[in-house]
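**Student:** Prediction below, plus the sequence it came from.
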Amino acid sequence: MKVHFIAIGGSAMHNLAIALCQKGITVTGSDDEIFDPARGRLEKYGLLPESFGWHPERITSDLDAVVLGMHAREDNPELLKAQALGLKIYSYPEYLYEQSKDKLRIVIGGSHGKTTTTAMILHVLAHCGIEADYMVGAQLKGFEVMVRLSHTAKVMVIEGDEYLTSPIDRRPKFHLYKPNVAIITGIEWDHINVFPTFDIYREQFSKFIDLIEPNGTLVYCDEDKEVHRVAVENQRTDIQKLPYICPEHRVENGVTYLANRTPLMVFGHHNLLNLTAARLACRQVGVTDEQFDEAISTFEGASKRLELVKKSDSCAVYKDFAHAPSKLRATIHAMREQYPARRLVACMELHTFSSLTQEFLQQYAHSMDEADVRYVYFSQHALQLKKLPDLHPEEVKAAFGGNVEVFTDSKKMLDCVIALMRKCVSADAPATDTITQSHNNAINLLMMSSGNFDGIDFAQLADEII
């Protein structure tokens, strides 16, 4: 079997290409540019194109399938050639469904928590010896690639993104997976460039429920009023509905325990919700609660999701993928719960199309209030790339509630962070301002972005502070 990838260098696309190569399928691909880590990983598996650019001559009649990435445009010359030849053209999610249509599909949807919940399920299944194929949106410890496709697994675990399927298919990706077990973790308006109103955005999750296979299961967060609404308004009687809330727990000496004394390596209200969703999904494939607790106690978290960079006795540096308002609130609150006696410096980058849009900015009001020091950064260059109007720092400050300091220069922000953190972790720091008067010299730093603050080396930043 031969499959060609148009835009093979994408984060999801290159992982699918590698997964098919590992399955024994002949894979080729093209792209106009490919960066690390995709470039190095494709090269490792012999899949890196010999030259960059689009080459219609690579599209031949003997191809069994062409997979089209979001990075390609409708007038891509390779796509036009494939259409002219009448080849089977799949989007990324269409091909995942094609490879998993005979398996039990667990699909995790929601505005936030998808990656962590997916990672938890996979960790538990692996611990219990249950073979599973998967697609997840981040690199997970113990998993070489972000996609696995096999001939033998009877279960497929899929992180269900609500963004568009492909340049020629405007459906949300998670509408194509037809889950046997569907999870909705939360609903908060996102992707304003695709879903211009919240009602349109929320409707995608209602459709997601409609697409659950007959006799399937819906696992949903009953603490989220919008999730509750779409779940209870749905009239289907042929599916099982399992609502969940945060489980009983306690925090002792910086460790979170479930009510049965199971210690966890992750923390925060949102992670406990994710854990409960994962538990209910795992029950559907025969995992007992005792097996789940034993496995989840060794789960260290997904990459960039409240990920510890470095810590000392009095300071910890974390990074997180948080960028939407609810994610900021949840992540900051988690840090507060886990380290109640420590000061917290929180930095976030406005990086996505939605977050840099003046209309959407108002959603961030008071989202960082629980932090002691609140820094917000955005790049004028990012605005230009996304063809958005200019933003003024005062507009951003007002949108957050007036209690943040706004930077348009990442180096200046980092200099402020490093100076403040060094001052506070020093045993000799004089109590001359609010932050050093309010607590002892224990302090944490939380860096939040779906980008990277213009290329910050987080490990080096932590070394400079601690």
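**Tutor:** Cool, the structure landed.
**Student:** What distance do you get for the residue nearest to residue 171 when sequence neighbours are not counted to residue 212?
**Tutor:** Leaving aside its sequence neighbours, residue 171 sits nearest to residue 165 (Cβ to Cβ, 6 or more residues apart in numbering; 5.0 Å). (Each C-beta comes from the backbone N, C-alpha and C, glycine too.) As judged by Cβ to Cβ, to the nearest Å, residue 165 and residue 212 stand 18 Å apart.
**Student:** Who has more neighbours out of these two?
**Tutor:** Comparing residue 165 with residue 212 by neighbour count (other Cβ atoms under 10 Å), the higher total belongs to residue 212, at 24 against 21.
**Student:** Check the secondary structure at that one for me.
**Tutor:** Following DSSP: H, G, I helix; E, B strand; the rest coil, residue 212 is assigned to coil.
**Student:** Isn't it up against residue 234?
**Tutor:** No - in this structure residue 212 lies outside contact range of residue 234 using Cβ atoms under 8 Å: 9.3 Å.
**Student:** Which neighbours do the two have in common?
**Tutor:** residue 218 (Cβ atoms under 8 Å, 6 or more residues apart in numbering).
**Student:** Now do stretch 43-57: everything it contacts.
**Tutor:** Applying Cβ under 8 Å, 6+ apart, the external contacts of stretch 43-57 come out as 6, 8, 14, 17-18, 21-22, 27-34, 39, 42, 76-78, 80-81.
**Student:** now do the same end-to-end measure for stretch 374-383.
**Tutor:** End-to-end distance for stretch 374-383: 22 Å, by Cα to Cα, to the nearest Å.
**Student:** what do you get for stretch 19-27?
**Tutor:** Stretch 19-27 has an end-to-end distance of 10 Å (Cα to Cα).
**Student:** Give the burial count for residue 408, as a bare number.
**Tutor:** The number of residues packed near residue 408 is 17, by other Cβ under 10 Å.
**Student:** give the contact list for it.
**Tutor:** If a contact means Cβ under 8 Å, 6+ apart, then residue 408 has 377-380, 393 as its contacts.
**Student:** Inside strands: which ones of those?
**Tutor:** The members of these that map onto strands under DSSP state E are 377-378.
**Student:** any idea which of the contacts of residue 408 is closest to residue 424?
**Tutor:** Lowest distance from residue 424 to the contacts of residue 408 (Cβ to Cβ) belongs to residue 377, with 20.3 Å.
**Student:** Next, count neighbours for that closest one.
**Tutor:** 24.
**Student:** What does the pLDDT read for it?
**Tutor:** Residue 377 is assigned a pLDDT of 96 by the prediction.
**Student:** Cross-check the contact I'm expecting between it and residue 355.
**Tutor:** No - here residue 377 does not reach residue 355: they are 11.2 Å apart, not a contact under Cβ under 8 Å.
**Student:** would you list every one of the strands in the stretch 151-300 of the chain?
**Tutor:** For the stretch 151-300 of the chain, the strands defined by DSSP state E, counting those that start in this stretch occupy 155-159, 164-166, 169-172, 181-184, 217-221, 240-244, 249-252, 255-258, 263-264.
**Student:** which neighbours does the fifth one have in its sheet, and in what orientation?
**Tutor:** Sheet pairing here is set by DSSP bridges, and for strand 217-221 it gives strand 181-184 (parallel), strand 240-244 (parallel).
**Student:** out of the ones you listed, nearest to residue 62?
**Tutor:** When the strands paired with strand 217-221 are compared (using Cβ to Cβ), the closest one is strand 181-184, at 37.6 Å.
**Student:** Compute the mean per-residue pLDDT across that closest one, please.
**Tutor:** Per-residue pLDDT over strand 181-184 has a mean of 98.
**Student:** Also stretch 311-320?
**Tutor:** Regarding stretch 311-320, the rounded mean pLDDT is 92.
**Student:** How about stretch 76-89?
**Tutor:** Stretch 76-89 comes out at a mean pLDDT of 96.
**Student:** same deal with stretch 338-353?
**Tutor:** Average pLDDT, stretch 338-353: 93.
**Student:** Tell me the buried residues in it?
**Tutor:** 338-339, 342-353 (16 or more other Cβ atoms under 10 Å).
**Student:** ends of it, how far apart?
**Tutor:** Length of stretch 338-353, first residue to last, Cα to Cα: 31 Å.
**Student:** can you list the domains in the chain?
**Tutor:** Structurally, the chain divides into domains by automatic domain parsing as follows: 2-87, 95-296, 307-465.
**Student:** Nearest the middle, which residue of the chain would you pick?
**Tutor:** residue 115 (4.8 Å; Cα atoms, centre = their mean).
**Student:** Which ones among the contacts of stretch 43-57 lie within strands?
**Tutor:** Counting by DSSP E, the part of the contacts of stretch 43-57 found in strands is 6, 27-30.
**Student:** got these as JSON lines, with distance to residue 198 and neighbour count columns?
**Tutor:** What follows is the ones in strands among the contacts of stretch 43-57, written out as JSON lines (distance: Cβ to Cβ, whole Å; neighbours: other Cβ atoms under 10 Å):
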{"residue": "6", "distance to residue 198": "33", "neighbour count": "26"}
{"residue": "27", "distance to residue 198": "40", "neighbour count": "23"}
{"residue": "28", "distance to residue 198": "42", "neighbour count": "18"}
{"residue": "29", "distance to residue 198": "37", "neighbour count": "23"}
{"residue": "30", "distance to residue 198": "38", "neighbour count": "26"}
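**Student:** and the residues you listed as a markdown table, adding distance to residue 67 and pLDDT?
**Tutor:** As requested, the ones in strands among the contacts of stretch 43-57 are exported to a markdown table (distance: Cβ to Cβ, whole Å; pLDDT from 0 to 100):
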| residue | distance to residue 67 | pLDDT |
| --- | --- | --- |
| 6 | 7 | 97 |
| 27 | 9 | 97 |
| 28 | 11 | 97 |
| 29 | 9 | 97 |
| 30 | 11 | 96 |
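**Student:** Show me which of the residues you listed is closest to residue 406.
**Tutor:** For the ones in strands among the contacts of stretch 43-57, the residue nearest residue 406 by Cβ to Cβ is residue 6; the value is 39.8 Å.
**Student:** Distance check, that closest one against residue 29.
**Tutor:** Applying Cβ to Cβ, the value for residue 6 to residue 29 is 7 Å.
**Student:** Report how many residues lie close to residue 208.
**Tutor:** Going by other Cβ under 10 Å, the residues that sit close to residue 208 add up to 24.
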